[in-house]
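# Below are the sequence and a predicted model for it; my questions follow.
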Amino acid sequence: MAFETSADDTCAAVVTSDMKILSNVVIKQTEIHAQFGGIQPTNAVLAHQRNAPVAAKRALVEAGLTIKDIDGIAFTKGPGMGVCLGVGSQTAKAIAAIHDIPVVGVHHMQGHALTALLTSQPNPPQFPFLALLVSGGHNMLVLVKAADEFEIVANTLDTTVGRVLDKLTRELGLGYTGQQLEQFYTTCKATPVVPEDFGPFGQPMLKRAWSFSAHHSHMERYMHKRQANGQPDLTDGERLGLIDRLMQAVGEHLTRPFRDVLMDLVARNIKVNDLVVGGGVASNLYLRRRIEQAARDRTAGQPGMRVHYPPPALCTDNAVMIAVASMHRFLKGDFDDLSCAPNTKWSIEDCKLTRVP
């Protein structure tokens with residue numbers, strides 16, 4: 001059984017040791033935070049406190065089990081919002097203490113990186129593989145050497161793709177999440193039109209890193225200039241045109257480090273055949289296509305990699321990924337103490353096992 005409460009979704013799931021999903025409960029808080037234009041921590045933690053017992057009960061009922069059938073409980077230890085992480089941590093540890101069940105704290109992005117071990121069966125990615133992890137809080141390319149061994153080979157220098165998309169969603173008056181932006185982008189029937197006064201994006205020339213702050217600043221300055229000049233509101237067609245230009249720019253920049261990273265791996269005699277794309281932004285269909293094309297190109301003298309995408313419901317925050325990422329530790333008997341506390345600034349490179357029986 002697993003819990004995930006690192007941000008604004010209250011999640012619980014039950015997964016078997018042979019990677020079968022018995023239940024997957026996600027209780028969202030979108031309506032609560034819409035009025036604030038983003039996650040409001042006080043309201044988020046209160047909602048988690050209301051929802052966590054409900055999610056736990058539903059997960060067991062939908063799995064057709066009772067707590068006596070549970071052999072281990074995993075929870076997101078970090079990174080994330082401390083007050084939110086605390087609800088999932090305390091829920092998991094309280095249940096574990098009462099019923100004498102072992103617990104394991106899991107790194108949130110480790111969960112995203114390893115989800116494909118379940119969803120890509122019967123041909124899962126083989127270690128070592130690359131994981132492109134893109135979300136509101138993270139933007140990194142990671143060499144996954146084992147279930148508990150990670151090396152960051154490219155990282156953002158400032159903000160993330162997810163945050164840029166979230167902010168553009170607010171600027172365009174479409175909500176506050178990138179998912180709402182994509183929903184508009186994929187369902188609006190208007191013809192895309194790029195406003196004549198909108199200039200092209202500049203692309204930072206980085207080899208093994210990203211910088212997305214320029215993309216956000218470019219859009220923000222344009223929107224503020226329109227407002228200052230008293231220009232009329234954007235039409236739906238103009239909104240679509242701006243979104244399309246941004247998607248093209250961030251898609252190009254997101255895939256730019258691939259070649260340099262692969263060349264470095266070849267020089268180190270490390271061969272990778274698989275790329276996993278995880279995190280909330282991995283559910284964006286346009287970026288999926290752009291990433292897949294870049295990964296399958298023959299780069300650095302190697303054949304293109306197999307690309308693995310979890311289903312959209314398992315790209316955004318969920319407890320199934322936390323269960324998957326904890327499984328190797330439960331099977332090895334490497335458990336955490338009940339005093340284990342959340343870690344809001346935990347690096348994925350620090351996930352290595354600390355105690356093996």
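All right, it came through fine.
# In the protein, what residue spans correspond to helices?
Along the chain, counting by DSSP state H, helices occupy 30-34, 41-63, 82-99, 108-114, 116-119, 161-171, 178-187, 213-228, 236-255, 258-267, 285-296, 320-332.
# Let me know which of the ones you listed is tucked in deepest.
Of these, the one with the most neighbours on average (mean count of other Cβ atoms under 10 Å) is helix 108-114, at a mean of 28. Quick note: C-beta positions are derived from backbone N, CA and C, even for glycine.
# same for it, what does it pack against?
strand 73-78, strand 129-134, strand 139-146, strand 274-278, helix 320-332 (3 or more Cβ pairs under 8 Å, 6 or more residues apart in numbering; DSSP states H and E).
# one more time with 6 Å
strand 129-134, helix 320-332 (3 or more Cβ pairs under 6 Å, 6 or more residues apart in numbering; DSSP states H and E).
# Now distance to residue 338 and mean pLDDT too, for those, in JSON lines please.
As requested, the helices and strands packed on helix 108-114 are exported to JSON lines (distance: least, Cβ to Cβ, whole Å; pLDDT from 0 to 100):
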{"stretch": "strand 129-134", "distance to residue 338": "29", "mean pLDDT": "96"}
{"stretch": "helix 320-332", "distance to residue 338": "15", "mean pLDDT": "97"}
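# Quick one: mean pLDDT over stretch 235-252.
Averaged over stretch 235-252, pLDDT sits at 94.
# typo on my end, stretch 51-62
Averaging pLDDT along stretch 51-62 gives 98.
# what sits up against it?
Here stretch 51-62 makes contact (Cβ atoms under 6 Å, 6 or more residues apart in numbering) with 10, 12, 13, 14, 23, 25, 27, 87, 91.
# returning to that earlier point: residue 32 is nearest to which of the helices and strands packed on helix 108-114?
helix 320-332 (22.5 Å; Cβ to Cβ).
# Run through the neighbouring helices and strands of that closest one.
strand 2-4, strand 10-15, strand 73-78, strand 103-107, helix 108-114.
# Contacts made by the fourth one with the rest, please.
Yep, that's strand 103-107 we're talking about. Residues from elsewhere that reach strand 103-107 (Cβ under 6 Å, 6+ apart): 73-74, 76-77, 92-93, 96, 322, 325-326, 329, 336, 340, 346, 348, 351.
# Next up, the contacts around residue 219.
Residue 219 neighbours (Cβ under 6 Å, 6+ apart): residue 168.
# Where does pLDDT dip in this structure?
Applying pLDDT under 70 to the chain flags residues 297-303, 353-357.
# Narrow the contacts of stretch 51-62 to those that are buried.
Using 16 or more other Cβ atoms under 10 Å as the burial test, these include 10, 12, 13, 14, 23, 25, 27, 87, 91 as buried.
# Can I get those residues in TSV including distance to residue 103?
TSV is the format used below for the buried ones among the contacts of stretch 51-62 (distance: Cβ to Cβ, whole Å):
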residue	distance to residue 103
10	18
12	14
13	15
14	15
23	19
25	19
27	22
87	15
91	11
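# Which member of the residues you listed is positioned nearest residue 46?
The shortest approach to residue 46 among these belongs to residue 87, at 9.5 Å (Cβ to Cβ).
# could you measure that closest one against residue 67, distance?
Taking Cβ to Cβ, to the nearest Å as the measure, residue 87 falls 19 Å from residue 67.
# and if you look at residue 13?
For residue 13, the distance to residue 67 - Cβ to Cβ - is 14 Å.
# before we move on, what about residue 261?
The gap separating residue 261 from residue 67 is 44 Å, by Cβ to Cβ.
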